[in-house]
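[1] Here is a sequence with its predicted model. Questions after.
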Amino acid sequence: MKENKLADLSMDFSVQVIKLCERIKGHYSLVNQLERSATSIGANIREANYAHGKPDFIAKLQIALKECYETEYWIELFVKSGIADRETVKGLYNQCGTIRRILISSLNTAKGNEK
């Protein structure tokens with residue numbers, strides 16, 4: 001159940017990031033980095049649902065978590081550099097944080113069950 005919620009949250013988040021990136025003019029390499037890291041979160045969560053055992057499941061969620069941290073970096077950079085204003089990306093940043101916390105919880109549970 002939690003993984004489905006996580007997959008849904010990450011899909012919605014990816015869609016919102018794509019829509020934000022469509023509105024940004026210029027900065028193509030930075031926009032590309034944000035799009036790639038944000039959409040990779042959901043892709044790795046989806047892959048984790050079809051993992052070949054517990055170690056593969058954990059590895060995919062760990063990659064998703066790393067991508068989540070990277071996405072937060074790009075969002076912060078966009079704000080600090082003036083590419084996007086704080087109010088515009090506040091919801092995205094909060095969603096990314098929610099996904100990050102769920103991923104951490106899921107990883108802790110999966111690692112605990114592994115022992």
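    Okay, I see it.
[2] can you give me the helices for the protein?
    2-23, 28-48, 54-80, 86-114 (DSSP state H).
[3] Adding mean neighbour count, write the ones you listed out as a markdown table.
    For the C-beta atoms, the positions are set from N, CA and C on the backbone; glycine is no exception. A markdown table is the format used below for those (neighbours: other Cβ atoms under 10 Å):
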| stretch | mean neighbour count |
| --- | --- |
| helix 2-23 | 16 |
| helix 28-48 | 19 |
| helix 54-80 | 18 |
| helix 86-114 | 15 |
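[4] Just send the ones you listed back as TSV, with mean pLDDT too.
    Rendered in TSV, the data for the helices of the chain read as follows (pLDDT from 0 to 100):
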stretch	mean pLDDT
helix 2-23	91
helix 28-48	97
helix 54-80	97
helix 86-114	93
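[5] Need the residues that contact stretch 63-78.
    Stretch 63-78 has contacts (Cβ atoms under 8 Å, 6 or more residues apart in numbering) with 10, 17, 24, 30, 33-34, 37-38, 40-42, 44-45, 48, 83-84, 89, 92-93, 96-97, 99-100, 103-104, 107.
[6] Swap in 6 Å and give it another go.
    For stretch 63-78, contacts defined as Cβ atoms under 6 Å, 6 or more residues apart in numbering pick out 33-34, 37-38, 40-41, 44-45, 84, 89, 93, 96, 99-100, 103.
[7] quick check, nearest of the residues you listed to Pro55?
    Pro55 lies nearest to Asn44 out of the contacts of stretch 63-78, by Cβ to Cβ, at 14.6 Å.
[8] nearest residue to the closest one other than its sequence neighbours?
    Ala64 (3.9 Å; Cβ to Cβ, 6 or more residues apart in numbering).
[9] Over to Glu67?
    Leaving aside its sequence neighbours, Glu67 sits nearest to Ser40 (Cβ to Cβ, 6+ apart; 4.3 Å).
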